[in-house]
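# Coordinates for the following, if possible.
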Amino acid sequence: MNIHVSQRTSQSQSLTMTGQMQQAIALLQLSNTDLQRYIEKEAEENPFIDVTPANRTMPALPYSGGGRAEGDDPASRLADHPLSLYGHVAAQFDLMFSDASERAIAERYLEALDANGWLSEPLEELAFACGLDMDGAEDMLCRVQQVEPAGLFARNLAECLSLQAEDLGLMTPIFRRVLDNLPRLAAADLVGLARVCGCDMDDLRSTLKQLRGLNPKPGADFSLGEVMEREPDLIVTRGADGWKVDLNRSTLPAVTVDEDSATAITRDACARGYVGERLGVARWLRRAVEHRNQTTLAVGAEIVRRQTAFLEHGPSQIAPMTLADVAQAIGVHESTVSRVTTGILMVTPQGTLGLKRFFSTALQGDASGEGGASAAAVRYRIQKLVAAENPASPLSDDAIARAISDGGPVLARRTVAKYRDMLNIPSSFQRKRRGKLNAI
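Purely as a prediction, here's the structure:
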């Protein structure tokens, strides 16, 4: 047996994620407010970082439904107005999440809250938007559901009431079985409900009395957010040349580097090493913040370019758009767009919205062969049709599908059922029964 020893040289390329690269990526996910906190913290530790405070005065803004028309100091706004649901939960998040990336994800969950305090988006969509697997999305849901009042961030009525019952120590086996059989309660089938719960009528009535003391809409006790305690990050305005997007400078400090002080100190040979390191960090932070701002503006501008119909006519006209569409248009990676849109709010004539709200998949084109509508626009139309229906004769899924398909995107009954479930809208049979109960 002959043994040969040889050397071979090869080249390969790999990307090493440095600490500064990780920080730069993290900056893309921060809202203006969170970025300001980050910069101020860095300035406390670095003598060569000068922070010019954000201009807290904002011009009149053309938005409605969750924004404010003119600027003033946040403290005075809080004194003059009741705290909104958003502000109430955001204040608790300040104490619950010290990690910036976790806070950004929690902020995305907060954007999905409706006025009643329920999640308005399926957990699967939130998981995709936040870059989480379903286990991670469930874990985050459990964490945000710990806020007060209990019942916020529920996905359905049973979960909302369950969170409150657990919080108050009411969750007995009978209580749990009642929550598992709410359709029987809605049908006023107390005899059947007592049978499946394995209890007599006296125990059932006692449980139902406790159940009636819970709040199925824990978010409705707060103001509707006419004043937002968290400022928007981007501002959309319409001028003579069309729509324009700007950074909200009222929440964004300017970062400058004190080069003169650094030059003076480096005359001391003993201080040169420290000065060089701190000066390098200060220069990097200035560049990183500028890059973050430019990228945020580019993403916002491309979204506005693609969603002009929404800005002018409302949610029924939101166009299909994916992260890949925006990424390709502005020449960045799809993951960059995902990070930028995680926690950014943009104020528009249609209200203040998280950038993630503008993304929606496309449906099949309409009967005329024209371009397809977005899933978000179709869900909005379903909501409007149900809201306007006769409670005594609610629309079936087939009827909704026909109404939307008439001159619009071709929609199957099963698609209507899927979107109706996502919107927490009961079936036509359940809505009719609820109408009868309300009439009684």
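# Can I get stretch 176-191 in CSV, CA atoms only?
The C-alpha coordinates for stretch 176-191 follow below in CSV (Å, rounded to 0.1, in the frame of the first residue of the first chain):
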residue,chain,number,x,y,z
ARG,A,176,-64.1,25.6,30.3
ARG,A,177,-66.8,23.3,28.8
VAL,A,178,-69.2,26.3,28.5
LEU,A,179,-66.5,28.2,26.5
ASP,A,180,-66.0,25.1,24.3
ASN,A,181,-69.7,25.1,23.5
LEU,A,182,-70.6,28.7,22.9
PRO,A,183,-72.7,28.0,19.8
ARG,A,184,-75.2,26.2,22.1
LEU,A,185,-75.3,29.2,24.4
ALA,A,186,-75.9,31.5,21.4
ALA,A,187,-78.8,29.2,20.4
ALA,A,188,-80.2,29.5,24.0
ASP,A,189,-80.0,25.7,24.3
LEU,A,190,-79.4,25.7,28.0
VAL,A,191,-80.7,22.2,28.5
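# Just the buried positions in stretch 104-111, please.
Using 16 or more other C-beta atoms under 10 Å as the test for burial, stretch 104-111 gives 104, 105, 106, 107, 108, 109, 110, 111. All C-beta atoms are positioned from the backbone trio N, CA, C, and that covers glycine.
# tally of neighbours for the residue lying closest to the second one once chain neighbours are set aside?
With C-beta to C-beta, 6 or more residues apart in numbering as the measure, residue 130 is the residue that lies nearest to residue 105, at 4.7 Å, once sequence neighbours are left out. For residue 130, the count of nearby residues is 22 (other C-beta atoms under 10 Å).
# Also residue 237?
Other residues lying near residue 237 total 16 when counted by other C-beta under 10 Å.
# Tell me the strands beside the helix or strand in which it is found, with direction?
Residue 237 belongs to strand 234-239 when assigned by DSSP states H and E. Strand 234-239 pairs in its sheet with strand 242-247 (antiparallel), strand 345-348 (parallel), by DSSP bridges.
# for these, which one ends up most surrounded?
Comparing those by mean neighbour count (mean count of other C-beta atoms under 10 Å), strand 345-348 comes out on top with a mean of 25.
# I'd like the mean pLDDT over that one, please.
Strand 345-348 shows an average pLDDT of 89 in the prediction.
# next one: stretch 362-371
For stretch 362-371, the mean per-residue pLDDT is 48.
# so how far is the strand holding residue 237 off the chain centroid?
Relative to its chain's centre, strand 234-239 lies at 21 Å (C-alpha atoms, centre = their mean, to the nearest Å).
# Alpha carbons only: can I get it in CSV?
Taking C-alpha atoms only, strand 234-239 is exported to CSV below (Å, rounded to 0.1, in the frame of the first residue of the first chain):
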residue,chain,number,x,y,z
LEU,A,234,-43.5,58.4,7.3
ILE,A,235,-45.8,61.2,6.1
VAL,A,236,-47.7,61.0,2.7
THR,A,237,-48.9,64.3,1.2
ARG,A,238,-50.3,65.2,-2.2
GLY,A,239,-49.0,68.2,-4.1
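# how about it: buried residues?
234, 235, 236, 237.
# Chain neighbours aside, what residue packs nearest to the last one?
Ranked by C-beta to C-beta, 6+ apart and with sequence neighbours excluded, the top spatial neighbour of residue 237 is residue 244, at 5.4 Å.
# One more: the third one?
In this structure, residue 236 finds its nearest non-sequential neighbour in residue 348, 4.7 Å apart by C-beta to C-beta, 6+ apart.
# do the same with residue 309
residue 317 (3.9 Å).
# Can you give me the distance of the one you found to residue 337?
Applying C-beta to C-beta, to the nearest Å, the value for residue 317 to residue 337 is 22 Å.
# more crowded one of these two?
Shown here are residue 317 and residue 337; by other C-beta under 10 Å, residue 337 has more neighbours (27 against 17).
# now the strands for the stretch 301-440 of the chain?
Remark: strands assigned in the stretch 301-440 of the chain by DSSP state E, counting those that start in this stretch are 345-348, 351-354.
# Just put these in JSON lines and tack on distance to residue 193.
JSON lines is the format used below for the strands of the stretch 301-440 of the chain (distance: least, C-beta to C-beta, whole Å):
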{"stretch": "strand 345-348", "distance to residue 193": "44"}
{"stretch": "strand 351-354", "distance to residue 193": "40"}
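# Nearest to residue 212, out of those?
Ranking the strands of the stretch 301-440 of the chain by proximity to residue 212 (C-beta to C-beta) places strand 351-354 first, at 34.1 Å.
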